[in-house]
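>>> fold the following and give me the result.
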Amino acid sequence: MLPADRLQQREAAADQAAVAARVWELLLAKRWSLLPRWQAFLKEHHLDNEQQPRPISRDTWALLLEFATNVNADMTRYDPLEAWPVLIDDFVDFVNA
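Alright, predicted model coming up:
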């Protein structure tokens, strides 16, 4: 992979992540008390990766609203055996740490 290709991938992932953060803020600001923690988690553990910011997976896009709607803020309704995206599982660990 050429350096220019790698730079394009980094920029695309960063742009996509910024769009995701804004969309989630618009959709969930009044519905999910953990949104500020989700945003902090993404910034700290997912988006600010100097090596390669990772794009948000399609599964995370598809399931975050369901997670925010069905799982309590104290994570008592979270079932680790359900098929949540890894990013959401990592978020639960972040909240419970």
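>>> hey, let's count contacts and neighbours off CA atoms from now on
OK.
>>> please, which helix or strand holds the one residue sitting closest to the centre of the chain?
Closest to where the C-alpha atoms of the chain average out (CA atoms, centre = their mean) is L42, at 5.3 Å. Using DSSP states H and E, the element containing L42 is helix 35-42.
>>> still on that earlier bit, residues touching the residue nearest to the centre of the chain, list them.
Residues near L42 by CA atoms under 8 Å, 6 or more residues apart in numbering: none.
>>> what do you get if the cut-off is 10 Å, keeping everything else the same?
Residues near L42 by CA atoms under 10 Å, 6 or more residues apart in numbering: A17, A21, P36, D48, I56, L87, F91.
>>> what of P80?
Contacts for P80 (CA under 10 Å, 6+ apart) come out as D89, V92.
>>> circling back to that earlier point, buried residues in the helix holding L42?
For helix 35-42, the neighbour count (16 or more other CA atoms under 10 Å) marks L35, W38, Q39, F41, L42 as buried.
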